[in-house]
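Participant: The following block contains a protein sequence and its predicted model.
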Amino acid sequence: MKSLILGTAALALSAGLAMADTVRLGTEGAYPPYNFLNDAGEVDGFERELGDELCKRAELDCEWVTNDWDSIIPNLLSGNYDAIIAGMSITAERKEVVNFTTGYTRPSPSAYAAMSADVDVNSAVVAAQASTIQASHVATTGATLVEFPTPDETVAAVKAGEVDAVMADKDFLIPIVGETELAFVAEDVLLGDGIGMAFRKSDDELRGKFDAAVESMKADGSLNALLEKWEIEGQF
């Protein structure tokens, strides 16, 4: 899952939500199966279905807003939307700036994929999406990290021979490996503490409503059913 490099904590102004009539859910719309734009240009995927169900259970009217990944936390803090539901890992770094619901997935693996099985990911040139926990992990190894703005660009770089491998959520890479010449290399790596919704620290009442809705989906089995439908690891 992703982990934004935080240098914008100053944006955490009191842009709190006064329980507005419509709750705006911010997502990237570019990270299947979690979230993507379908042929009609609408937000789709696991998190679209999850978010709609959570809003229903919390008795809230919600609308979806898309935002580039590299500014998704700053734009939450500045009030462009009221919550983030975008494949975002719960990390200690992020908790300094935002509050999370309980995780709606358990920690699931990140993986490396390459065109050659001989790639040594600890000394290779490895692509990762900028400001993610995968990028942070690669930077701690002996590999050369090359960051790209979007996940699709990381895969394209491997295919074009610009880098030796890509590291991303395994859930994202599985269909790509199945449909292309890329293959998984090295061992999977568990990063982060699962995925949750993120909120401004001033919006704890709203966070609590979604937290209760997530827990109710865990309790009745509907969350696991949704994870299975979208073939996402990290079930409860």
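Facilitator: Yes, it's here. Numbering: from 1, shown residues only.

Participant: Span of stretch 94-111 from start to end?
Facilitator: End-to-end distance of stretch 94-111: 22 Å, with Cα to Cα, to the nearest Å as the criterion.

Participant: How about it, which residues are buried there?
Facilitator: 94, 97-101, 103-105, 107-108, 110-111 (16 or more other Cβ atoms under 10 Å). (Glycine included, C-beta is placed from N, CA and C.)

Participant: Now do the same for Lys209: helix, strand or coil?
Facilitator: The three-state label given to Lys209 by DSSP: H, G, I helix; E, B strand; the rest coil is helix.

Participant: Give me the distance between it and Ala130.
Facilitator: Distance from Lys209 to Ala130, counting by Cβ to Cβ, to the nearest Å: 32 Å.

Participant: who's in contact with stretch 174-190?
Facilitator: 32-33, 107-117, 119, 121, 137, 155, 158-159, 165-167, 170, 173, 231 (Cβ atoms under 8 Å, 6 or more residues apart in numbering).

Participant: Need the buried ones from those selected in ChimeraX.
Facilitator: Applying 16+ other Cβ under 10 Å to the contacts of stretch 174-190, the buried members can be selected in ChimeraX as follows:
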select :32,33,107,108,110,111,112,113,114,115,119,121,137,155,158,165,166,167,170,173
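
Participant: Can you list which of the contacts of stretch 174-190 are found in helices?
Facilitator: Among the contacts of stretch 174-190, the residues falling in helices (DSSP state H) are 137, 155, 158-159, 170, 173.

Participant: Would you point out the most distant pair within those residues?
Facilitator: Farthest apart among the ones in helices among the contacts of stretch 174-190 by Cβ to Cβ are His137 and Lys159. That separation is 21.9 Å.

Participant: Low-confidence bits of this protein, can you list those?
Facilitator: 1-20 (pLDDT under 70).

Participant: quick one: buried residues of stretch 132-144?
Facilitator: Applying 16+ other Cβ under 10 Å to stretch 132-144 flags 132-138, 143 as buried.

Participant: Would you convert the ones in helices among the contacts of stretch 174-190 into a markdown table that also reports distance to Leu25?
Facilitator: A markdown table is the format used below for the ones in helices among the contacts of stretch 174-190 (distance: Cβ to Cβ, whole Å):
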| residue | distance to Leu25 |
| --- | --- |
| His137 | 28 |
| Val155 | 26 |
| Val158 | 32 |
| Lys159 | 32 |
| Lys170 | 25 |
| Leu173 | 25 |
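
Participant: who are the neighbours in contact with Tyr112?
Facilitator: 119, 121, 126, 165-167, 184-186 are the contacts of Tyr112 under Cβ under 8 Å, 6+ apart.

Participant: quick check, nearest of those to Gly87?
Facilitator: Of all those, Met167 has the smallest distance to Gly87: 14.8 Å, by Cβ to Cβ.

Participant: Isn't that closest one up against Ala127?
Facilitator: Yes. Under the criterion of Cβ atoms under 8 Å, Met167 makes contact with Ala127 at 7.4 Å.

Participant: who touches both of those two?
Facilitator: Common neighbours of Met167 and Ala127 (criterion: Cβ under 8 Å, 6+ apart): none identified.
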